[in-house]
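[1] Here is a sequence with its predicted model. Questions after.
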Amino acid sequence: MKKNTVVVATLALVSIQTMFGSDHRLQAELKNPNDLPNIVVIFIDDLGYADIGSFGAKNYKTPNLDQMANEGRRFTDFVTSTAVCSASRAALLTGCYHRRVGISGALGPGAKHGINAKEMTLAELCKQKGYATACFGKWHLGHRQPFLPKQHGFDHYYGLPYSNDMWPFHPAYADLPPNSPKRKRGYPDLPLFEGNKIINAKVSGKDQAQLTKQYTQRSVKFINDNKDKPFCLYLPHTMVHVPLYVSKEFEGKSGKGLFADVMLEIDWSVGEVLKAIKKNGLEKKTLVIFTSDNGPWLSYGNHAGSALPLREGKGTMFEGGYRVPTIAWWPGKIPAGTRCDELASTIDVVPTVAKLIGGKLPDHKIDGKDIRPLLFGEQGAKSPHDAFYLYYAGGQLQGVRDRQYKLHFPHRYRTMDGKPGGKDGKPNKYSHKTTVLELYDLKNDIGETKNVIKDHPEVVKRLQAAAEQARRELGDRLTNRKGNAIRPAGRLRVENKK
């Protein structure tokens, strides 16, 4: 009997190794199935590639983020699905290109659609394994009740339903008298939600100045309250989206202007979250990912960040629009003080977490890939993306790239074209230009300055073939293709709850 037991155990081990490979980390997790890792995603709004110290910020210090990088891994080619708010958030939380889930652009207060109940979010994935879940911050995937976080896997929600400039004091109405009725016709009052209820129907500037602190305090409490069970915390900050606000504790602290003050408070927030994790002895079992939804809103000048040395910013599919500063932290798992230059994306978070916790992905197609080898710094690990599609402006396929090359298709884009941005919360106007068919070698020309299309016809042919696959599945407004694999967004009149 003992001999048979040994044989069965040996066969079981061989079966596991055949199925999962010999990754010692996964084997360790299989020995401790109840010791599930905590998941924390910190998502900053409009943070540029060069807006934190370890990615090149010069005007102010970000000591907590620098320490996080020293203890973790920097991702230098980490990208979002697109360069605008709602679409990039839909991609992060579902593991899909935003086009696939029917969310484009930035949903406003008049929107009657949002994330579809049939899509599986990161929170719903974690709920399969009994995780406590919370979202504290900007949601922007629909402000009607069927689309709010509590209907999509989050136990707790506190925050703004959309961007903080979508209110009567939007810069477009800055020159109107404060009580002008035209303000309200442009945008209604800005609401603050707790759960499904509005707890402040008329958010003021003073209220906005407290948001970073409030999101952070609630995040710390959530970690403390759930230290004995697995948790998933999604912290999508309202800042550094304009209009900028900062608490009195950080007002003027940088001596370098309001944007720098706001960044100091964001850095403080990251420090508080990591401190809570360490205080509760959870650092060895908690994955923290810090990243951004898109690049800086360059027309706002001294109230916007920097994407240098990348080209352009938010609202374009040049690198400055969708490549974002990213740090992954998990002491004992992720090698400290390292960097990854391989292509990875926010759409990879969901499938990677699924592998880490043993969760089941949805039956429908997702686009993200498991990037554990990149996270854990495995020798020779390469990006799992052979092609990455660059969609913007309501369904335009503006480009496609792989690990090294990027092909732009002819399209119109906005640019400051060398002009300075605005000052103190008022933007300067963009100019517009049009690309031709352009190829860039991103490994040797991160700033997209030299079109090398004539030097690499075979690369162009390969990327054009990848683009055709994208057009078949996800469509292309530039070529009037509709796509055969786009799932609809949720709609108020047809939304079916799970």
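    The structure has been received and is ready for your questions.
[2] Going by C-alpha atoms from here, please, whenever you check contacts or count neighbours.
    OK.
[3] now the protein, which segments are flagged as low pLDDT?
    Along the chain, segments meeting pLDDT under 70 span 1-34, 494-498.
[4] in it, which residue is closest to the centre?
    residue 293 (4.1 Å; C-alpha atoms, centre = their mean).
[5] Pretty sure residue 70 sits against residue 339.
    No: with contact defined as C-alpha atoms under 8 Å, residue 70 does not count as touching residue 339 (9.9 Å).
[6] show me what contacts residue 215?
    By C-alpha atoms under 8 Å, 6 or more residues apart in numbering, the contact list for residue 215 reads 136, 137, 158, 159, 235, 237.
[7] farthest-separated two in those?
    158 and 237 (11.1 Å; C-alpha to C-alpha).
[8] Now for the two: what residues contact both?
    Taking C-alpha under 8 Å, 6+ apart as the criterion, residue 158 and residue 237 both touch 136, 137, 215.
[9] Take those residues and keep only those in helices.
    Here DSSP state H is the test, and the shared contacts of residue 158 and residue 237 give residue 215 as lying in helices.
[10] Let me have the shared contacts of residue 158 and residue 237 in JSON lines, extended by distance to residue 146.
    Formatted as JSON lines, the shared contacts of residue 158 and residue 237 follow (distance: C-alpha to C-alpha, whole Å):
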{"residue": "136", "distance to residue 146": "18"}
{"residue": "137", "distance to residue 146": "18"}
{"residue": "215", "distance to residue 146": "23"}
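[11] Nearest to residue 47 among the shared contacts of residue 158 and residue 237?
    When those are compared against residue 47 (criterion: C-alpha to C-alpha), the nearest one is residue 137, at 15.1 Å.
[12] can you map out the strands along the stretch 201-350 of the chain?
    With strands called from DSSP state E, counting those that start in this stretch, the stretch 201-350 of the chain shows them at 231-236, 286-292, 326-329, 338-340, 344-345.
[13] Of all those, which one is nearest residue 54?
    strand 326-329 (9.4 Å).
[14] And the contacts of the closest one?
    Residues external to strand 326-329 that are found in contact with it (C-alpha under 8 Å, 6+ apart): 68-69, 71-76, 78, 287-292, 334, 375.
[15] make it 7 Å
    68-69, 71-75, 78, 287-291 (C-alpha atoms under 7 Å, 6 or more residues apart in numbering).
[16] Pick out the most distant pair among those residues.
    71 and 78 (18.4 Å).
[17] Looks like residue 123 contacts residue 153 (just checking).
    Yes: the pair residue 123 and residue 153 qualifies as a contact (C-alpha atoms under 7 Å) at a distance of 4.8 Å.
[18] okay, these two: which has more neighbours?
    residue 123 (27 against 22; other C-alpha atoms under 10 Å).
[19] so what's that one up against?
    Residues in contact with residue 123, defined by C-alpha under 7 Å, 6+ apart, are 133, 153, 154, 232.
[20] 6 Å - rerun?
    With contact set as C-alpha atoms under 6 Å, 6 or more residues apart in numbering, residue 123 has these partners: 153, 154.
[21] mind saving the C-alpha coords of the host helix or strand of it as PDB?
    For residue 123, the host element (DSSP states H and E) is helix 122-127. The C-alpha trace of helix 122-127 is given here as PDB (Å, rounded to 0.1, in the frame of the first residue of the first chain):
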ATOM      1  CA  LEU A 122     -10.700  42.100 -11.400                       C
ATOM      2  CA  ALA A 123     -12.800  42.300  -8.300                       C
ATOM      3  CA  GLU A 124     -15.200  39.600  -9.500                       C
ATOM      4  CA  LEU A 125     -12.300  37.400 -10.400                       C
ATOM      5  CA  CYS A 126     -11.000  37.800  -6.800                       C
ATOM      6  CA  LYS A 127     -14.400  37.200  -5.300                       C
END
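[22] what's the domain layout of this structure?
    As assigned by automatic domain parsing, the chain contains the domains 26-375, 388-491.
[23] Distance to residue 382 for those - can I get that in a markdown table?
    What follows is these, written out as a markdown table (distance: least, C-alpha to C-alpha, whole Å):
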| stretch | distance to residue 382 |
| --- | --- |
| domain 26-375 | 6 |
| domain 388-491 | 9 |
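[24] Out of the ones you listed, which is the most enclosed?
    For those, the largest average neighbour count (mean count of other C-alpha atoms under 10 Å) is found in domain 26-375, namely a mean of 21.
[25] any chance you could map the strands in the stretch 51-200 of the chain?
    According to DSSP E, counting those that start in this stretch, the strands that the stretch 51-200 of the chain contains are 73-75, 78-79, 113-114, 132-136, 156-159, 192-194, 197-200.
[26] Given the third one, what are its sheet partners and their directions?
    When sheet partners are counted by DSSP bridges, strand 113-114 sits next to strand 490-491 (antiparallel).
[27] Repeat that for the first one.
    Within its sheet, and counting by DSSP bridges, strand 73-75 is paired with strand 326-329 (antiparallel), strand 338-340 (parallel).
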